[in-house]
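1. could you look at this predicted model? Sequence included:
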Amino acid sequence: MTGFTTRFAPSPTGRLHLGHAFSALSAFEAARVAGGVCLLRIEDIDQTRCTPDFEAGIYQDLAWLGLDWPRPVRRQSDHFPDYARALERLARAGLVYRCFKTHKEIADEIARAPHHPGEGPEGLIYPGPAEPMSEAEEADRLARGEAFAWRLSLNACRERLGARYDALSFIEEGEGPEGEHGRIASQPDLLGDVILARKDVGTSYHLACIHDDALQGVSHVIRGQDLFFATHLHRLLQALLGLPVPVWRHHRLLTDDTGRRFAKRDRSLTLQAMREAGATPGDIRARVGVS
């Protein structure tokens, strides 16, 4: 695809709510104004929480809002081999490693480290092991069937990219949580050695997202500020895999009267519930502020 291409990429783990409506309408409206296209992508890699009913609900709610999108829709669960190949490229380059530590073990390790960075914008920052695991120990733990996660090694990324690592940046046309705008220096260290896949789940949101954005020709990523810090990591992954770099537009998050973000647990504020209570698509657009 050429020109302005963006996407709305929900996960079918519940019914869409007002926050989703704001994000979807923002993306589709931006594409309309630019004379481009907004894709719909179903990010359903979490096979334990995603259901066909919730996926059908996404199509129903978006159509009710008056939105339309190109077909066929890309469903990430249909493309695990694609993400496995991307992970294998990183593995061959020595940029990922198997981590057998549980979340509790990492938290305990961090608590004992006097100079550890602690919490980051997406939780505990894991800086990686002090020493790499020996091949013999890794083979033994694999033979025992132990669970593990594939983590991206930031130390290895620095070595591979050299001066490029500190020179990475991205364009923010929207606004980050603290007003970040314009060209922003990428800081993947804010997230540490993140998980890119697990033994039983062949990819993570991060890896599948940047892979599909490149594959689908996404020129502009329009999404909520809750994903702003993930952009620092996504920019690094794009550099490692030689992928094109889009422009990002992060938007504010809708909140209720108490200042709490809308969530799928707020069932009274799902689009389905509001529709059944008599709301119209115009009511939804007025409430979220997208004409």
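-> Arrived safely, thanks for sending.
2. just the element for residue 28, please.
-> Using DSSP states H and E, residue 28 falls within helix 18-34.
3. which residues does the very next helix or strand once past that helix contact?
-> Reading on from helix 18-34 to the C-terminus, the next helix or strand found by DSSP H and E is strand 37-42. Contact partners of strand 37-42, identified using Cβ atoms under 8 Å, 6 or more residues apart in numbering, comprise 1, 3-12, 27-28, 30-32, 55, 58, 62, 67, 69-70, 73-77, 212, 216, 218. The way it works is simple: take the backbone N, C-alpha and C, and place the C-beta from them, glycine included.
4. tell me what the helix holding residue 28 is packed against?
-> Packing partners of helix 18-34 (3 or more Cβ pairs under 8 Å, 6 or more residues apart in numbering; DSSP states H and E): strand 5-8, strand 37-42, helix 52-64, strand 220-224, strand 247-251, helix 271-276, helix 281-288.
5. what pLDDT does residue 42 get?
-> Note for residue 42: predicted pLDDT of 98.
6. got the angle between the helix holding residue 28 and strand 247-251?
-> Helix 18-34 and strand 247-251 meet at an angle of 140 degrees, taking axes from the mean of the first three to the mean of the last three Cα atoms, to 10 degrees as the criterion.
7. got a list of what residue 213 touches?
-> By Cβ under 8 Å, 6+ apart, the neighbours of residue 213 are 7, 221, 243, 246.
8. where does pLDDT dip in the stretch 101-250 of the chain?
-> For the stretch 101-250 of the chain, the stretches flagged by pLDDT under 70 are 114-119.
9. the same query, at a cut-off of 50, please.
-> For the stretch 101-250 of the chain, no stretch has pLDDT under 50.
10. what about the helices in it?
-> For the stretch 101-250 of the chain, the helices defined by DSSP state H, counting those that start in this stretch cover 103-112, 135-143, 154-161, 163-167, 205-215, 230-241.
11. put together TSV for those helices, with distance to residue 193 on each row.
-> Compiled in TSV, the helices of the stretch 101-250 of the chain are given as follows (distance: least, Cβ to Cβ, whole Å):
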stretch	distance to residue 193
helix 103-112	10
helix 135-143	16
helix 154-161	6
helix 163-167	14
helix 205-215	12
helix 230-241	10
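12. nearest to residue 191, out of these?
-> helix 230-241 (5.3 Å; Cβ to Cβ).
13. can you give me the offset of that closest one from its chain's centre?
-> Its chain's C-alpha centre and that of helix 230-241 lie 11 Å apart, by Cα atoms, centre = their mean, to the nearest Å.
14. with mean neighbour count added, can I get the helices and strands packed on helix 18-34 in CSV?
-> CSV is the format used below for these (neighbours: other Cβ atoms under 10 Å):
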stretch, mean neighbour count
strand 5-8, 23
strand 37-42, 22
helix 52-64, 16
strand 220-224, 22
strand 247-251, 19
helix 271-276, 16
helix 281-288, 15
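15. can you tell me which of the ones you listed comes nearest to residue 22?
-> Closest approach to residue 22 among these (Cβ to Cβ): helix 281-288, 4.0 Å.
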